[in-house]
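> I need the structure of the sequence given here:
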Amino acid sequence: MRIWRSLLFVPANQRRMLDKLGSLPADGFIFDLEDTVPPAEKVNARAMAKETIAKTPGDKSWVRVNAVPSGYLHEDLAEFVGTPGLAGFVVPNRILPAMLPRSIACCRASRFERGWRREARRSS
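As a prediction, this is how the structure comes out:
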């Protein structure tokens, strides 16, 4: 199990900050799509984060997704599920236990849309 000593939150819509990540000594990076990104910039932020994750060596990139009530969770997951270099997702504090099943359902739906199957994961 990997021990993460330092994780740096980075607003996914801030190009200047994203461009500096390669020079920072953090163990990992959390690309924040939630409250640091205004609604009008969500699509662009996803694209910029995905581009930066592709350039970041190792599996040290995380994505902080939007909460279910925001209406953006499914789009966040659909964009990032299966992305090479992605270590995982960070869910916002506002996800209540009652919302967790819906969040998991969105993730499963995104995996299905991307063509992922459990059998494919087992065989690799």
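
> Enumerate the beta-bridge partners assigned to residue 28.
Beta-bridge pairing for residue 28 (DSSP bridges): residue 7.

> Could you verify my assumption that it touches residue 3?
No. Taking contacts as CB atoms under 8 Å, residue 28 lies outside contact range of residue 3: 10.8 Å. In short, each C-beta sits where N, CA and C put it, glycine included.

> more crowded one of these two?
Using other CB atoms under 10 Å, the more surrounded residue of residue 28 and residue 3 is residue 28, with 18 against 5.

> Quick check: the gap between that one and residue 17.
15 Å (CB to CB, to the nearest Å).

> residue contacts, the residue nearest the centre of the chain?
With distances taken as CA atoms, centre = their mean, residue 63 lies nearest the centre of the chain, 2.2 Å away. Residue 63 makes contact with 12, 30-31, 33, 49, 53, 76, 80, 86, 88-90, according to CB atoms under 8 Å, 6 or more residues apart in numbering.

> Please dump the residues you listed into CSV; it should also carry secondary structure, pLDDT and neighbour count for every row.
Shown next, in CSV, are the contacts of residue 63 (DSSP: H, G, I helix; E, B strand; the rest coil; pLDDT from 0 to 100; neighbours: other CB atoms under 10 Å):
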residue, secondary structure, pLDDT, neighbour count
12, coil, 97, 29
30, strand, 96, 19
31, strand, 97, 30
33, coil, 97, 29
49, helix, 97, 28
53, helix, 96, 24
76, helix, 91, 25
80, helix, 91, 24
86, strand, 92, 20
88, strand, 88, 12
89, strand, 88, 18
90, strand, 88, 17
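
> and which of these is nearest to residue 22?
residue 53 (12.1 Å; CB to CB).

> Find the nearest non-adjacent residue to that closest one, please.
residue 61 (4.4 Å; CB to CB, 6 or more residues apart in numbering).
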